[in-house]
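J.: Any chance you can model this:
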Amino acid sequence: MSKPRHVRLSLAILVCMTLAVCRAEAQLATEPGDSGADTALAIQNPDEYAWKLFLYLNRQALVGKAGVPDPSKPDLRSFDPDKDVVWETWALATGGLPQFLAPGERNRSEVYLDKGAKPVAWEDLPRGTATAKVFDANLTAFTRSVRSRLSANTGEPRLLIEPAVFFPKEFEVRMNKSTFDTIRNLELYSVEGLENKFREATTNKNRDIFKFEPMSKEVKAKWVKITEADKLRYHWRTLQRRNPDGTSVAEIWGLAGMHILTKDLPNWFWSDFEHVDWEQRQPDGSPDPRKSVDSTTRDDPLHGTIATAGKDGVRNETTGSVWENYRLRGTQVDFVDKKGVPTEVANTLIEPFNDGPSSCMTCHAKASVGLRPDPTRKRPPPFAANSLSPDFVNGIPDPTALGDNGNTMTFVQTDFLWSMVFRAHSQNEQ
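T.: Numbers count the residues shown, from 1 in each chain. Predicted structure coming up:
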């Protein structure tokens with residue numbers, strides 16, 4: 001005997017709802033990327049894709065594993081404070097620059113080792129109850145500042161110790177397995193390995209010799225010191241700071257901003273998130289005129305669109321957790337919009353307004369490597385490799401920057417990643 005129509009309809013709705021929940025949970029349990037659906041989402045609805053990344057990468061991590069979410073914590077509301085999230089267990093790029101190390105402190109980068117040594121395999125990365133939290137300064141600002149004051153006599157950067165005073169260590173950079181494996185397998189972790197790739201590019205006349213896989217990702221995070229009262233509103237970590245006398249003191253640091261970049265698109269997909277406390281305030285306290293843009297959480301009366309998954313910048317899936325205090329500042333998938341206007345992505349802490357236009361893509365298009373004029377000269381990173389200098393500019397990049405009218409390969413792009421040329425050590429370093 002068949003069931004009444006209303007019963008069949010109710011059962012159908014229940015089945016559909018169950019399947020939808022199952023699909024959502026399956027999606028959340030799998031790292032986004034390297035699929036036609038994700039590529040399409042990144043192009044057609046970049047704000048939604050940015051949140052898909054955010055909601056996965058900030059899940060609590062499984063203890064003892066690199067890049068694996070805890071299956072018992074299926075969403076951002078299921079979260080224990082002062083614990084690693086997924087991206088915090090990725091391979092650590094920061095921590096290996098001599099200028100930022102205290103006397104006696106060792107290189108703790110897991111990617112860029114002393115003397116350009118090969119890093120261990122992903123499966124052998126040490127992952128205990130908590131990963132090391134190691135900060136560097138903002139290398140984009142630091143390298144540009146130092147290179148602007150080159151010595152007139154030697155061409156060498158002066159005051160290589162100045163970041164200890166003028167450039168606070170508050171930035172953390174980590175890469176996922178795909179990015180890490182590409183760097184490790186292609187020997188891009190040393191200056192010599194980068195230069196070998198440059199030679200291969202010139203021999204084969206291949207400017208696109210550096211290629212990362214569609215699954216590749218990198219996160220650049222900005223942390224700030226917070227108070228006990230702030231802990232209810234931040235993703236926070238307890239860090240031990242060493243005093244000059246050898247003692248240590250516990251400090252509370254909160255996640256204030258983060259870039260998420262992925263190779264879902266040929267020129268990468270760029271997204272930026274920021275804590276609401278800093279969203280419209282420059283580090284010096286002055287207002288930031290750049291507005292957050294998020295079609296999923298903000299209505300746009302000018303274009304007649306209504307937010308699809310939140311309100312006033314708050315994403316629905318984050319309500320009731322500390323993550324409801326994080327805002328999508330914007331996404332970037334091209335140098336210019338369909339009208340030819342240069343696009344921007346703005347983070348008040350990572351790219352301060354006074355530094356110039358904020359275009360992730362335009363700045364990272366200059367990420368490059370060339371041959372050192374004198375490979376015997378011992379220079380530490382971020383000046384060990386020969387590269388172009390980063391700039392806070394927007395719009396279409398200068399096509400002649402890499403060589404003489406684009407014909408001579410003076411430099412070759414490193415597929416939009418500054419990490420290698422800034423952080424790689426030379427095998428001949430002291």
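
J.: Okay, helices next: where are they in this structure?
T.: 5-29, 36-44, 46-57, 139-147, 163-166, 177-185, 191-204, 360-364, 419-423 (DSSP state H).

J.: Out of those, name the one with the poorest average pLDDT.
T.: Lowest mean pLDDT of the helices of the chain: helix 5-29, a mean of 41.

J.: Low-confidence ranges, the stretch 201-350 of the chain, go.
T.: Along the stretch 201-350 of the chain, segments meeting pLDDT under 70 span 244.

J.: ok, which stretches of it are strands?
T.: 217-225, 236-242, 248-262, 269-275, 310-311, 314-315, 326-332 (DSSP state E, counting those that start in this stretch).

J.: how about the ones you listed, which one is nearest Phe180?
T.: Nearest of the strands of the stretch 201-350 of the chain to Phe180, taken as Cβ to Cβ: strand 217-225 at 9.7 Å. Using the backbone N, CA and C atoms, a C-beta is placed for each residue, glycine as well.

J.: which other helices and strands contact that closest one?
T.: Other helices and strands packing on strand 217-225, by 3 or more Cβ pairs under 8 Å, 6 or more residues apart in numbering; DSSP states H and E, are strand 171-175, helix 177-185, strand 248-262.

J.: Distance to Arg290 added to the strands of the stretch 201-350 of the chain, as CSV?
T.: Listed next are the strands of the stretch 201-350 of the chain as CSV, based on distance: least, Cβ to Cβ, whole Å:
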stretch, distance to Arg290
strand 217-225, 16
strand 236-242, 26
strand 248-262, 13
strand 269-275, 11
strand 310-311, 20
strand 314-315, 19
strand 326-332, 8
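
J.: Save those as CSV, and put in mean neighbour count and distance to Asp288 too.
T.: Formatted as CSV, these follow (neighbours: other Cβ atoms under 10 Å; distance: least, Cβ to Cβ, whole Å):
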stretch, mean neighbour count, distance to Asp288
strand 217-225, 22, 14
strand 236-242, 15, 23
strand 248-262, 19, 12
strand 269-275, 26, 10
strand 310-311, 16, 21
strand 314-315, 22, 19
strand 326-332, 25, 10
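
J.: Out of these, which gets nearest to Asp294?
T.: strand 326-332 (4.1 Å).

J.: Report the angle between the closest one and helix 36-44.
T.: 90 degrees (axes from the mean of the first three to the mean of the last three Cα atoms, to 10 degrees).

J.: Run the angle between strand 326-332 and strand 269-275 for me.
T.: Between the axis of strand 326-332 and that of strand 269-275 there is an angle of 160 degrees, by the same axes, to 10 degrees.

J.: export strand 326-332 as PDB, just CAs?
T.: This file holds the C-alpha atoms of strand 326-332, laid out as PDB (Å, rounded to 0.1, in the frame of the first residue of the first chain):
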ATOM      1  CA  TYR A 326      36.300  38.000  11.500                       C
ATOM      2  CA  ARG A 327      35.300  39.900   8.300                       C
ATOM      3  CA  LEU A 328      36.000  39.100   4.700                       C
ATOM      4  CA  ARG A 329      37.800  42.300   3.500                       C
ATOM      5  CA  GLY A 330      37.700  41.200  -0.100                       C
ATOM      6  CA  THR A 331      38.800  38.800  -2.800                       C
ATOM      7  CA  GLN A 332      40.900  39.200  -6.000                       C
END
